[in-house]
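Student: Give me a model of this one.
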Amino acid sequence: MLADLRVLYHLTLKPVRGKDHAARMESFYSGQAEAYDDFRKRLLQGRELLWQSIKEPEDAVWVDMGGGTGANLEYFGDRISKLKKVYVVDLSSSLLNMATERMAARGWDNAEAVEADATAWQPPEAPVDVVTFSYSLTMIPDWFAAIENALAMLKPGGLLGVVDFYVSRKHAAGQMRRHSWFTRTFWPSWFAMDNVFPSSDHVPFLHRHLEPVHFEECKAKVPYMLWMKTPYYVFVGRKR
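Tutor: Residues are numbered from 1 along each chain as shown. Here you go, the predicted model:
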């Protein structure tokens, strides 16, 4: 409970300060890094589904953009030993310190934490096999540049996976869900207090730039908000 209260304080009350995006990220996460994983496990649904939906080739290079504490690496299970390399890229040094400790404790010698900008950083092994964004795209101001950078580092036929909050467009295309006015208005305003920006453009942008392999639209319960559920999606696409 005390850990949850600390996280909720940072989510709702603590001012986020900083002259640039990296400084604001560290301001937001530095005081809650140790309690981050437990709370987010209840809020950030669909991450394990994303990892299960990606079939990487043998000896693959995988980049997790905005990977924070490296908790996503747990979803690999025994698969992680078959990867050539996995990078956890983030701008928060506090979260990356947790990732480095996790890697050392698990003996993941093929995993590396990198403090870098998702819109610009390229791994030395590029082109790579898989790039993922797990609840990080909504926290990247120039999110379309992050996707373009991911596409630039992917091999032809490589996979891009995203799980994140979103809201639909008012007139969603095809068979995609159409959220109510309340959903499209409330959640962007609520998340914006923490510099998280659910967008109606993520899903259409991803479908336009990749060949969809897996796509689901879901809702997740929000801790301590009783009946409230926030929309999220899981997308895996192949680079054409």
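Student: Please make it C-alpha for all contacts and neighbour counts, starting now.
Tutor: Noted.
Student: Let me know the next secondary structure element after the helix ranked longest in the chain.
Tutor: When secondary structure is assigned using DSSP state H, the longest helix within the chain turns out to be helix 93-106. As assigned by DSSP states H and E, the chain's next helix or strand after helix 93-106 is strand 111-115.
Student: Contacts for that next one next, please.
Tutor: Taking Cα atoms under 8 Å, 6 or more residues apart in numbering as the criterion, the residues outside strand 111-115 that touch it are 85-93, 96, 99-100, 103.
Student: Take these and lay them out in TSV including pLDDT.
Tutor: As requested, these are arranged in TSV below (pLDDT from 0 to 100):
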residue	pLDDT
K85	98
V86	98
Y87	98
V88	98
V89	98
D90	95
L91	92
S92	89
S93	90
L96	94
A99	95
T100	96
M103	97
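Student: will you turn those into JSON lines that also has neighbour count and distance to D64?
Tutor: Written out in JSON lines, the entries for the contacts of strand 111-115 read as follows (neighbours: other Cα atoms under 10 Å; distance: Cα to Cα, whole Å):
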{"residue": "K85", "neighbour count": "19", "distance to D64": "11"}
{"residue": "V86", "neighbour count": "22", "distance to D64": "8"}
{"residue": "Y87", "neighbour count": "20", "distance to D64": "6"}
{"residue": "V88", "neighbour count": "26", "distance to D64": "5"}
{"residue": "V89", "neighbour count": "26", "distance to D64": "6"}
{"residue": "D90", "neighbour count": "25", "distance to D64": "9"}
{"residue": "L91", "neighbour count": "22", "distance to D64": "12"}
{"residue": "S92", "neighbour count": "26", "distance to D64": "14"}
{"residue": "S93", "neighbour count": "22", "distance to D64": "15"}
{"residue": "L96", "neighbour count": "24", "distance to D64": "12"}
{"residue": "A99", "neighbour count": "25", "distance to D64": "12"}
{"residue": "T100", "neighbour count": "18", "distance to D64": "14"}
{"residue": "M103", "neighbour count": "20", "distance to D64": "14"}
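Student: quick revisit: tell me the helices and strands packed up against the longest helix of the chain.
Tutor: Here helix 93-106 touches helix 21-29, strand 85-90, strand 111-115, going by 3 or more Cα pairs under 8 Å, 6 or more residues apart in numbering; DSSP states H and E.
Student: any idea of the mean pLDDT in the first one?
Tutor: Just to be clear, that refers to helix 21-29. In this model, helix 21-29 has an average pLDDT of 53.
Student: again with the last one
Tutor: When pLDDT is averaged along strand 111-115, the result is 98.
Student: got the contact list for the very next helix or strand once past that strand?
Tutor: Reading on from strand 111-115 to the C-terminus, the next helix or strand found by DSSP H and E is strand 128-134. Contacting residues not belonging to strand 128-134 are listed as 47, 56-57, 60-67, 150, 153-155, 158-164 [Cα under 8 Å, 6+ apart].
Student: Restricted to strands, list these.
Tutor: The strands, defined by DSSP state E, take in 61-65, 154-155, 158-164 from the contacts of strand 128-134.
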